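# 3D model of this:
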Amino acid sequence: MVKYLISASIILACLFIGKLISYSFNLTFPSAIFGMLILFTLLITRIVKYHTMLPCTTPLLKYMPLLFIPTLVGLMEHLELLKDNLMIISLSVITSCIVTLVVVGFIFQKLNKSAL
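Now for the predicted structure:
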């Protein structure tokens, strides 16, 4: 039980600090992104250990698809707008996928050469 409280507290603290940063500097950038970046930094620098976060993150990842349902319902309310802009949306999704694949492939090749 204590493990769950510790991992949940770390996640909530990162989210709170992200909200604090977002509101303090009056930014339109989502505060949850700041919170994730803070948590990522804590994990990369090993201030917070990976195994410390597992008790809370494992169930969150298991049920994460349920969190997308409200977003999809919201999309259904704007179905006409989506139909009107389907070509632009499709083109931007395809283009961003291609750009992502090329950039990730390029980075992988550079990192793979430097590892050898």
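# Low-confidence stretches in the protein?
115-116 (pLDDT under 70).
# how close does residue 111 sit to residue 3?
34 Å (Cβ to Cβ, to the nearest Å). Yep, even glycine has a C-beta here, placed from its N, CA and C like the rest.
# Tell me which of the two has more neighbours.
Remark: of residue 111 and residue 3, residue 3 carries more neighbours, 13 against 9, as counted by other Cβ atoms under 10 Å.
# Would you mind measuring from the nearest residue to the more buried one once chain neighbours are set aside to residue 65?
Spatial nearest neighbour of residue 3, excluding adjacent residues (Cβ to Cβ, 6 or more residues apart in numbering): residue 55 at 4.2 Å. According to Cβ to Cβ, residue 55 and residue 65 sit 20 Å apart.
# okay, those two: which has more neighbours?
Set side by side, residue 55 and residue 65 show more neighbours around residue 55, with 16 against 8, by other Cβ under 10 Å.
# contacting residues for the more buried one?
3-4, 6-7 (Cβ atoms under 8 Å, 6 or more residues apart in numbering).
# Can you classify it by secondary structure?
The local conformation at residue 55, judged by DSSP: H, G, I helix; E, B strand; the rest coil, is helix.
# Ramachandran coordinates for residue 49?
Residue 49 has phi and psi values of phi -80, psi 150 when expressed as degrees, to the nearest 10.
# shouldn't residue 17 be in contact with residue 34?
Yes. With contact defined as Cβ atoms under 8 Å, residue 17 reaches residue 34; the gap is 7.4 Å.
# okay, those two: which has more neighbours?
residue 34 (20 against 15).
# What strand or helix carries the more buried one?
helix 31-44 (DSSP states H and E).
# Pull out the buried positions in that helix.
The neighbour-count check on helix 31-44 (16 or more other Cβ atoms under 10 Å) flags 31, 34-35, 38-39, 42 as buried.
# domain parsing for this structure?
Using automatic domain parsing, the domains assigned to the chain come out as 1-67, 81-116.
# Need the winner for burial among the ones you listed.
domain 1-67 (a mean of 13; mean count of other Cβ atoms under 10 Å).
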